[in-house]
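Engineer: pasting the structure only:
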DNA sequence: AGCACGCCGACT
DNA sequence: GTCGGCGTGCTC
């Protein structure tokens, strides 16, 4: 103490400033030995590899790096790479109490690796605890999580929270069953309906890693076909992973796999199993007891050993998009896995997304499709009712149901159940051409035009006003915001066919299946029950509502939902008919009539490339209070080719409305800017945004999600961008 | 987010 | 000469 004072004062009086700084520096140095023993002095350290590199489980970006801890001798055996640990973290420099340095509270982390020494110059704190010796985080999963974090400008800790389920001691105690030997390779089954179906299975069975975009034929065959792809992969001695959008399709896959391979060869990872069961299944996969996995979104990270195939069903379903930070999409996570592990890849659905088309277009994946003859045999007859038909249809005005629709339903009800697809509430379109219903777009950046307060028209992306709009498709200068009362129509349908039972399936009550008996089954998109023997007919009532949405995906989404309903209808040769209330001149409607979702996706892709839309270019959204967004954009060192659109005000969330991820907190005024980069620059964009985010966190900006007024949210691949 | 550090003004 | 304000930066 007195020596400190002596050094500080004796030389400081009247000394020039540089010398003062020098003296302060030496004071600091003089103190170091007391506050920082160079090696940790508590219990004895592990003899070999006494340093543990730890990922501290805090999602904050500037903490997205490893910290070194000393390994006490008594934890040496358990402290292996991949285990969960607890460490003291935070609390500034820490205090010295009873000869030990103590930091702040205990927090969780993962032990990444053991090292002979640390490159950290300070003293190391000791691992406080090895939570359990179970090595949950293997090198492959770590590398995947790292890649996902980079791809989405997020933190490794956030991704690991999605990838590794919470620990459950009881599940860990139970030993997993012994692995079964590989099964026989399966027969091709209905894969023979596809042009290269048999070859695809052969490739998997012989240990190759084919990559395909599979346009599945309508009907119930898909789950058995996917199961055969899994079986072929298992037969090669490798593991397989199938991700499906919801619990119902997971249950179908579960049944198909059990039918083909029996019990015990696959794990089912879905959200509705309890935490213990879920962790037990996950552990069985991680330990190598089970080589095949079927599951919903979270299963995309399942640590399948020696992965030979990743498969995704219906990638256009938005439940494949993870709502938690950094909001990765199952398709992209599986793409990263395929790239990392060099495994097979299968992207399948009845319809086709633009992203799927891009994988084929770029040559990365091969198309796996059926010939026209097979399509004709499997698909129902599709008929449309457009404006012209309605105008000529006197009866429709009285009954509020087009004559054609009424006739088809009446006839079909003699043969079996009829599906009626009605739009979900909340599909409120913005602006579209009043004549041809093409979405109204900004002439500068092709963003969606929105009606502002007072009726002025402005771009939802770049904010530029539009005073002189005319439709580029048909030249009309009139706009409209369309509203459809299809729900009412569906109710009235029940009255139109009073002798027939009406069943409904929607958000609250989702029916899984309906019997083959005649019935009207009214359902919102995505909740359609499967009918035993197929529906005799389907009526699609949501044409305008879906197509007039300002979303980039409006056409693709509408087509996907129509096809999802129509695929449950019997083939045309068995009398199956679909009536769509939609303008037959519109592109998605034509694609439905011709049953050509792939052609539709390919044309959409070409258009997106031309307009600079994702997925051909990559976009990121930056949202938050206007000033924060502007400051942030000022600070980011964007790649040279990046283009910033906006910021523009986001709609204010009304108080009491359901909380949506990405939406501003109720009552707050937020802005959003979009940043767009050309193909190939996505990684650079993500890196730049992440760096800027980390910098602003460190600079005393308040934390991310925790209600900080200054924080901005960064989202790569924002959905609903207009 | 915490929390300790350090550099400034008011006080016994 | 010492106490305590808050602004700044680190957490192995």
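Structural biologist: On my side now, so go ahead. It should be emphasised that the depicted structure is a prediction, and the values quoted were computed from it without experimental measurement.

Engineer: now do the same contact list for residue A:461.
Structural biologist: Contacts for residue A:461 (Cβ atoms under 8 Å, 6 or more residues apart in numbering) come out as A:442, A:445-448, A:645-646, A:648, A:674, A:721-722. Backbone N, C-alpha and C define where each C-beta goes, glycine included.

Engineer: could you do residue A:593 as well?
Structural biologist: Residue A:593 neighbours (Cβ under 8 Å, 6+ apart): A:382-384, A:580, A:584.

Engineer: among those, which are located in strands?
Structural biologist: Mapping those onto strands (DSSP state E) picks out A:382-384, A:580.

Engineer: what helix or strand is the residue lying closest to residue A:168 once chain neighbours are set aside on?
Structural biologist: Nearest non-adjacent residue to residue A:168, counting by Cβ to Cβ, 6 or more residues apart in numbering: residue A:279, 4.4 Å away. Counting by DSSP states H and E, the element that carries residue A:279 is helix A:275-286.

Engineer: now residue A:242
Structural biologist: Using DSSP H and E, the element containing residue A:242 is strand A:239-243.

Engineer: try residue A:201
Structural biologist: helix A:197-205.

Engineer: what lies in contact with that helix?
Structural biologist: Residues outside helix A:197-205 that contact it (Cβ under 8 Å, 6+ apart) are A:185-186, A:188, A:191-192, A:194, A:209-210, A:212, A:225, A:228-229, A:232-233, A:235-236, A:308-309, A:344, A:346, A:368.

Engineer: ok, now with 7 Å
Structural biologist: A:185, A:188, A:191-192, A:210, A:212, A:228-229, A:232-233, A:235-236, A:308-309, A:344, A:368 (Cβ atoms under 7 Å, 6 or more residues apart in numbering).

Engineer: from DNA strand C, how far off is residue A:331?
Structural biologist: Residue A:331 sits 34 Å away from DNA strand C, taking Cβ to the nearest atom of the strand, to the nearest Å as the criterion.

Engineer: and that residue, what does it touch?
Structural biologist: Contacts of residue A:331 (Cβ under 7 Å, 6+ apart): A:312, A:315, A:320, A:347, A:355.

Engineer: does the second one count as helix, strand or coil?
Structural biologist: Of the three states, residue A:315 takes coil according to DSSP: H, G, I helix; E, B strand; the rest coil.

Engineer: what does the residue nearest to it when sequence neighbours are not counted show for phi and psi?
Structural biologist: In space, and not counting its chain neighbours, residue A:315 is closest to residue A:331: 4.6 Å by Cβ to Cβ, 6+ apart. Dihedral angles of residue A:331 (phi, psi; degrees, to the nearest 10) stand at phi -60, psi -40.

Engineer: for residue A:184, same thing?
Structural biologist: According to degrees, to the nearest 10, residue A:184 has phi -60, psi 150.

Engineer: could you pull up the residues touching it?
Structural biologist: residue A:235.

Engineer: relative to DNA strand B, how far out is it?
Structural biologist: 56 Å.

Engineer: how much space separates that residue from residue A:401?
Structural biologist: 53 Å (Cβ to Cβ, to the nearest Å).

Engineer: cool, residue A:449 as well?
Structural biologist: 33 Å.

Engineer: ok so residue A:503 is a strand residue?
Structural biologist: Yes: remark: residue A:503 belongs to a strand, assigned using three-state DSSP.

Engineer: ok, it - how many residues close by?
Structural biologist: A total of 15 residues lie near residue A:503 under the criterion other Cβ atoms under 10 Å.

Engineer: state the distance from it to DNA strand B.
Structural biologist: According to Cβ to the nearest atom of the strand, residue A:503 and DNA strand B sit 49 Å apart.

Engineer: so the helix or strand residue A:232 falls within versus helix A:197-205, what angle?
Structural biologist: Using DSSP H and E, the element containing residue A:232 is helix A:222-235. Angle, helix A:222-235 to helix A:197-205, by axes from the mean of the first three to the mean of the last three Cα atoms, to 10 degrees: 40 degrees.

Engineer: and helix A:222-235, what other elements does it pack with?
Structural biologist: For helix A:222-235, the elements it packs on are helix A:197-205, strand A:239-243, helix A:247-261, strand A:307-313, strand A:344-349, judged by 3 or more Cβ pairs under 7 Å, 6 or more residues apart in numbering; DSSP states H and E.

Engineer: off-centre distance for the third one?
Structural biologist: The chain centroid and the centroid of helix A:247-261 are separated by 22 Å, computed with Cα atoms, centre = their mean, to the nearest Å.

Engineer: quick revisit: avg pLDDT for the helix holding residue A:279?
Structural biologist: For helix A:275-286, the mean pLDDT works out to 96.

Engineer: quickly list the domain ranges of chain A.
Structural biologist: Under the assignment the TED database, the domains of chain A span A:30-135, A:189-375, A:380-606, A:618-654+A:661-698+A:710-716.

Engineer: got JSON lines for the ones you listed, with distance to residue A:168 too?
Structural biologist: Formatted as JSON lines, those follow (distance: least, Cβ to Cβ, whole Å):
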{"stretch": "domain A:30-135", "distance to residue A:168": "10"}
{"stretch": "domain A:189-375", "distance to residue A:168": "4"}
{"stretch": "domain A:380-606", "distance to residue A:168": "29"}
{"stretch": "domain A:618-654+A:661-698+A:710-716", "distance to residue A:168": "27"}
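
Engineer: deepest of those, which one?
Structural biologist: domain A:189-375 (a mean of 21; mean count of other Cβ atoms under 10 Å).

Engineer: and the end-to-end length of that one?
Structural biologist: 17 Å (Cα to Cα, to the nearest Å).

Engineer: skipping its backbone neighbours, what lies nearest residue A:248 in space?
Structural biologist: Going by Cβ to Cβ, 6+ apart, residue A:248 has residue A:512 as its nearest residue, at 5.9 Å.

Engineer: the one you found against residue A:531, yeah?
Structural biologist: No: Residue A:512 lies out of contact with residue A:531 (Cβ atoms under 7 Å); the separation is 10.9 Å.

Engineer: just the closest residue of the stretch 201-350 of chain A to DNA strand C, please.
Structural biologist: DNA strand C sits closest to residue A:325 of the stretch 201-350 of chain A, with a gap of 18.3 Å, by Cβ to the nearest atom of the strand.

Engineer: can you verify that residue is assigned to a helix?
Structural biologist: No: under three-state DSSP, residue A:325 falls outside any helix and is assigned coil.

Engineer: which other helices and strands contact the longest strand along chain A?
Structural biologist: Across chain A, the strand with the greatest residue count (assigned by DSSP E) is strand A:106-115. Judged by 3+ Cβ pairs under 7 Å, 6+ apart, the packing partners of strand A:106-115 are strand A:51-56, strand A:84-88.

Engineer: residues in contact with that strand?
Structural biologist: So strand A:106-115 is contacted by A:49, A:51-58, A:66, A:79-89, A:128, A:137, A:142, A:160 (Cβ under 7 Å, 6+ apart).

Engineer: what's the first helix or strand after that strand?
Structural biologist: strand A:127-132.

Engineer: quick one: distance of that following strand to the chain centre.
Structural biologist: Worked out by Cα atoms, centre = their mean, strand A:127-132 lies 33 Å from the chain centre.

Engineer: what is it packed up against?
Structural biologist: Counting by 3+ Cβ pairs under 7 Å, 6+ apart, strand A:127-132 packs on strand A:84-88.

Engineer: quickly check: the strand it packs on near DNA strand B or not.
Structural biologist: No: for strand A:84-88, no contact with DNA strand B is found by Cβ under 7 Å from any atom of the strand; the gap never falls below 11.2 Å.

Engineer: paired strands for that strand, with orientation please.
Structural biologist: For strand A:84-88, the paired strands and their directions (DSSP bridges) are strand A:106-115 (antiparallel), strand A:127-132 (antiparallel).
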